[in-house]
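Asks: Fold the stuff below for me.
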Amino acid sequence: MNEINIWNRTLEQTKQLPFGTRVCAGNNGDTGTFLGVNRSGTIVVAWDNSKHSKDAKMLSCLVEYAFS
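Replies: The predicted model follows:
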């Protein structure tokens, strides 16, 4: 899969990514699903290796946080 390395992007470039884009943190880094950038500039990703990213309630909270 061709994930987008968010460490190689500026915050403005990252903000332009569509919701649900597959991303990674660095070369061969952790992978996940991009959820957005909140107004304080926090990049929100549901990381594949997080046990909580599979939980529907937690995922809902992450999406809400991304749009805050």
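Asks: confidence score at the residue located most distally from the centre of the chain?
Replies: Residue farthest from the centre of the chain, counting by C-alpha atoms, centre = their mean, is Lys57 at 16.6 Å. At Lys57, the pLDDT value in this model is 91.
Asks: gap between the helix or strand containing it and the chain center?
Replies: Lys57 is part of helix 56-66 when elements are defined by DSSP states H and E. Remark: helix 56-66 is offset 11 Å from the chain centroid, using C-alpha atoms, centre = their mean, to the nearest Å.
Asks: what's it packed up against?
Replies: Other elements packing on helix 56-66 under the criterion 3 or more C-beta pairs under 8 Å, 6 or more residues apart in numbering; DSSP states H and E are strand 31-37, strand 43-47. For every residue, glycine as well, the C-beta is placed using N, CA and C.
Asks: got the contact list for the residue nearest the centre of the chain?
Replies: Centroid-nearest residue in the chain: Val45, 2.2 Å away (criterion: C-alpha atoms, centre = their mean). Val45 sits next to Ile6, Val23, Ala25, Gly32, Thr33, Phe34, Leu35 when contact means C-beta atoms under 8 Å, 6 or more residues apart in numbering.
Asks: Turn those residues into JSON lines, including neighbour count.
Replies: Conversion of the contacts of Val45 to JSON lines gives the following (neighbours: other C-beta atoms under 10 Å):
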{"residue": "Ile6", "neighbour count": "20"}
{"residue": "Val23", "neighbour count": "23"}
{"residue": "Ala25", "neighbour count": "16"}
{"residue": "Gly32", "neighbour count": "21"}
{"residue": "Thr33", "neighbour count": "18"}
{"residue": "Phe34", "neighbour count": "21"}
{"residue": "Leu35", "neighbour count": "23"}
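Asks: Quickly check those for the two that are furthest apart.
Replies: Ala25 and Leu35 (14.0 Å; C-beta to C-beta).
Asks: Alright, I will stop here.
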